[in-house]
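> got a sequence here, can you build the structure:
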Amino acid sequence: MNLRATCIASAALLALVAAGPVAAQTKVDVALIGDADTFDPMVSTKDVVSIVTQHFLETLYTFDKNWQVVPLLAADMPKVSEDGTTYTIPLRQGVTFHDGSSMDSADVVASLNRWKDVASRGKAIAGQISSIEATSPAEITIKLSEPYAPLTTLLAFSNSAAVIYPQEIIAPEIKQPIGTGPYKLQAYQPDQYTQLVRFDGYTQPGAAAGERAQIPDEIRFIPVPDPNTRVEGLLSGQFDYADSLSTEVFDRIEASDVAEPVLLQAFGWPTFQVNHKKGLMTDLNIRRAVQAALPYDDMLFAAFGNEKFFQTDGAYYPEGWPWHTEEGTELYNQNDPEKAAEYLKAAGYDGKPLRILTSRQYEFHYQMAEVARMALEMAGFKVELDVVDWATLAQNRDNPDLWDIYITHSPFLPEPTLTSSLSSTSREGWANPEKEEILKRFTHESDPEARKAIYAELQRKIYDDVGMIKIGNFSAVQGKSRALSGVTPSPWPAFWNASKKQ
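As a prediction, this is how the structure comes out:
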């Protein structure tokens, strides 16, 4: 690859972003809760970033409709040594970056080395990566110091993603990414829109990954922080798709002639993430007091309003998932303020405020926080709700001085180790030695049945040590125009196969 050509292409991209949008014949408008605050998904775990960047940045692997790992930029699944420590990955040839250069193993090596240094999921396994080498122009080899069974799953995930960049743009901070995806970044106006346009040099992946047909000329992501505005825009036909809608509007959307609801059944779980690095929650008795006090039924009902949209379930994976286990769930939904008060007494609690960081852009987070505050105060806590916009929350949660609990949610993920808060290197900093030993056995083991048994131990440890606090299961509501087709319901909907009836 030519460094000068890459620099010229980067400058051209900057000019396009500054110049404004181009006209498009077929355009899909998507309303999201806010802007993607970065176009570098390596450094973000936010869904709003993954939804946008998956269209122009790609990983070695991806998931099929059954959540099985399949090749994307890789030509095949890796060849793994008998001891599980060496992964030899063949690369697709003829893949073109948006700057016109061809992808080769040097790009992949540079990108993966950056991923292990800057991405939360990369950092989690960086200590086990001995080397990443280009063993031919179309092959790389990853050597580990010990087996790590979920490696390909990490390489497939679009969140804290191991995306592939040209080696010439690799830097600690990448503001103007160059990728290989079916669309490329055309224009970005903060608080207004992100415009993607079709990349004419795109080469389709193999059949396992599915066709990325590039049907729309343009995909435009529009930040709409207010959930009611997202709904009204969907119902008026302003938006073709709207993400993260309140369950309260489901029936109204269903009755519309213009739009229809998209229900993701048993989508995921809202969580109270715990600060294990600093503050009140570093005390196990304080953590157990919070766990004992919270009334999960009331919190879920306040957040979702109808049992059609939630389940009071303590298992970290619901029935039907291979990881489902009831280990530790006797500690779920205790709703026992007297027991919580006993833990507070044992901790010598002195009335220092418990700081809960939340946002109203995900309204159900805030509704759960209000119910939690009342229950925690009944148990003897003094509580401070810090209600900020989602971008500020995402920034503040990286500073352990600013919070004791922050509220978030996650889809059910195909591999438990994709839950970044299980790692001691995560922002939450849960470094319990017994948990670390269980997690090490879990990631070393490749036999599926043995991994299930070890995962049951891990769920038990989450409850015993209050590593995090699961509130329950919930179904997510999105909305789409009745004229729009070709979008598979997903936590991270993709629009490359979207078409619209005129």
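> top strand in the protein by residue count?
Determined from DSSP state E, the single longest strand within the chain is strand 259-274.
> what's in contact with the helix or strand following that strand?
With elements assigned by DSSP states H and E, the helix or strand that comes after strand 259-274 is helix 284-293. Contacts with helix 284-293, where a contact means CB atoms under 8 Å, 6 or more residues apart in numbering, come from 272, 274, 280-281, 331, 334-337, 339-341, 343-344, 346-347, 349, 354, 375-376, 378-381, 405, 463, 465-466, 469. For the C-beta atoms, the positions are set from N, CA and C on the backbone; glycine is no exception.
> which positions within helix 284-293 qualify as buried?
Within helix 284-293, the residues scored as buried using 16 or more other CB atoms under 10 Å are N285, I286, R287, R288, A289, V290, Q291, A292, A293.
> how about the residues you listed in JSON lines, adding pLDDT and distance to Q189?
What follows is the buried residues of helix 284-293, written out as JSON lines (pLDDT from 0 to 100; distance: CB to CB, whole Å):
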{"residue": "N285", "pLDDT": "98", "distance to Q189": "50"}
{"residue": "I286", "pLDDT": "98", "distance to Q189": "45"}
{"residue": "R287", "pLDDT": "98", "distance to Q189": "43"}
{"residue": "R288", "pLDDT": "98", "distance to Q189": "48"}
{"residue": "A289", "pLDDT": "98", "distance to Q189": "47"}
{"residue": "V290", "pLDDT": "98", "distance to Q189": "42"}
{"residue": "Q291", "pLDDT": "98", "distance to Q189": "44"}
{"residue": "A292", "pLDDT": "98", "distance to Q189": "48"}
{"residue": "A293", "pLDDT": "98", "distance to Q189": "45"}
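> run me through the strand neighbours of the longest strand of the chain, direction for each.
Strand 259-274 pairs in its sheet with strand 405-411 (antiparallel), strand 469-470 (antiparallel), strand 473-481 (antiparallel), by DSSP bridges.
> let's have these in a markdown table, adding mean pLDDT and distance to E146.
Compiled in a markdown table, these are given as follows (pLDDT from 0 to 100; distance: least, CB to CB, whole Å):
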| stretch | mean pLDDT | distance to E146 |
| --- | --- | --- |
| strand 405-411 | 96 | 27 |
| strand 469-470 | 98 | 29 |
| strand 473-481 | 96 | 34 |
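> how many residues are close by T86?
16 (other CB atoms under 10 Å).
> could you find the closest non-adjacent residue to it?
Setting aside the residues directly before and after it, T86 is nearest to K143 in space (CB to CB, 6 or more residues apart in numbering), at 5.3 Å.
> show me what contacts the one you found?
Shown in contact with K143 (CB under 8 Å, 6+ apart): T85, T86, Y87, I129, S130, S131, I132, E133.
> what about the helices in the stretch 351-500 of the chain?
363-379, 390-396, 433-444, 448-465 (DSSP state H, counting those that start in this stretch).
> now the third one: buried residues?
Of the residues in helix 433-444, those buried under the neighbour-count criterion (16+ other CB under 10 Å) are K435, I438, L439, F442, T443, H444.
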